[in-house]
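In: Provided below for reference: sequence and predicted model.
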Amino acid sequence: MKNRTTTLASRSLGSFAASLCIFLASSAVMAQSLSILPVNIQMAPKQMATTLTVINQGPAETSVQIRAFSWKQVNGVEQLTQSDDVQVSPPIATIAPGATQIVRLVLRRAPQSSEATYRILLDQIPPAAESGTVRVALRLSIPVFALPNARTAAQVRYRVENKDGVATLIATNEGTRHETLRDVTLSNSQGIDMKPAANASPYILAGATRSWPIAMSAGGVPPATGSMLRLNGVGNAGPVNEVVTISGSP
């Protein structure tokens, strides 16, 4: 299968459901109600298959398309490449109101020395709209983490870079398994709290580098180069509490 690479902003990947934007005046906007379980798939070593459950909670039947993408973070940018490494069955389905569709996912090749990462995109195929109505289609994005038979672990280093008056939290994962970072706060010696921009994806994939711009309060001054900040957050194994050094030029 010919690969197709799509670059997506972290914000769109972090959203569980994103509406397709429709710029059209209308008397009503309607969207089918879909839910999917689980919202995060962890595949154990030697596990080659799993399932998703898609539930149509709306009042009418709806059709969906399900596709698998290889998921990487390249130079801090999320990239999805359509891939046949994961076989999806069925790739298209029509679900009656109140009904459930089971989607089977099969790995075509086992991960090797590092965790393999994918995303399953489920796109709603909206029916023709009634007169005076716009139907809004949904996209659901589900992360898939497949572990190899070898032992894996995340190994993340954090730092803050101050460049041209803009402070950025940078995480580099030199390990073989992904890490997450949520509920992040950075505090300086004066007790002033700073936070990365909201709605960012929490995932730091194996072998990748992620960055989060630090949101400053009104009139706030970026931390000085050479100073220290205390990073607090929540990772896969629990609380993260580290002192990070600020590098770069003010």
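Out: Looks like it came in fine.
In: Can you give me the buried ones in the helix or strand hosting Leu105?
Out: When elements are assigned from DSSP states H and E, Leu105 belongs to strand 100-107. Going by neighbour count (16 or more other Cβ atoms under 10 Å), the buried part of strand 100-107 is 101, 103, 105, 107. All C-beta atoms are positioned from the backbone trio N, CA, C, and that covers glycine.
In: Which two among those are spaced furthest apart?
Out: Gln101 and Leu107 (20.5 Å; Cβ to Cβ).
In: so where is this protein shaky, pLDDT-wise?
Out: For the chain, applying pLDDT under 70 flags the ranges 1-32, 129-136, 216-222, 249-250.
In: Domain-wise, how is it divided?
Out: 5-146, 156-249 (automatic domain parsing).
In: chain center to the last one, what's the gap?
Out: Averaged C-alpha coordinates place domain 156-249 at 18 Å from its chain's average position (Cα atoms, centre = their mean, to the nearest Å).
In: Over to the longest one?
Out: The chain centroid and the centroid of domain 5-146 are separated by 12 Å under Cα atoms, centre = their mean.
In: Tell me the strands beside the strand holding Leu105, with direction?
Out: Within its sheet, strand 100-107 is paired with strand 49-56 (antiparallel), strand 86-89 (antiparallel), according to DSSP bridges.
In: JSON lines please, covering these and showing distance to Gly191 and mean neighbour count.
Out: As requested, the strands paired with strand 100-107 are exported to JSON lines (distance: least, Cβ to Cβ, whole Å; neighbours: other Cβ atoms under 10 Å):
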{"stretch": "strand 49-56", "distance to Gly191": "45", "mean neighbour count": "17"}
{"stretch": "strand 86-89", "distance to Gly191": "47", "mean neighbour count": "16"}
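In: Of all those strands, which one comes closest to Arg159?
Out: With Cβ to Cβ, the closest approach to Arg159 among those belongs to strand 86-89: 34.0 Å.
In: Can you list the neighbours in contact with the closest one?
Out: Contacts of strand 86-89 with the rest of the structure, by Cβ atoms under 8 Å, 6 or more residues apart in numbering, involve 66-68, 103-108, 118, 120, 144.
In: Which SSE is immediately downstream of that strand?
Out: strand 92-95.
In: so what strands line up beside that next one?
Out: In the sheet, strand 92-95 lines up with strand 62-74 (antiparallel) (DSSP bridges).
In: buried set for the strand it pairs with?
Out: For strand 62-74, by 16+ other Cβ under 10 Å, it's 62, 64, 66-73.
In: Give me the distance between Pro111 and Ile102.
Out: Distance of Pro111 to Ile102, computed by Cβ to Cβ, to the nearest Å: 24 Å.
In: Next: Pro202.
Out: From Pro202 across to Ile102, the span is 28 Å (Cβ to Cβ).
In: now Tyr118
Out: Tyr118 sits 18 Å away from Ile102, going by Cβ to Cβ.
In: Just the helices from the protein, written as ranges.
Out: Under the criterion DSSP state H, helices of the chain are mapped to 10-14.
In: Just the buried positions in stretch 146-161, please.
Out: 146-148, 152, 154, 156, 158-161.
In: next one: it to chain centre, how far?
Out: The gap between where stretch 146-161 is centred and where its chain is centred comes out at 16 Å by Cα atoms, centre = their mean.
In: Right, I'll call it a day here.
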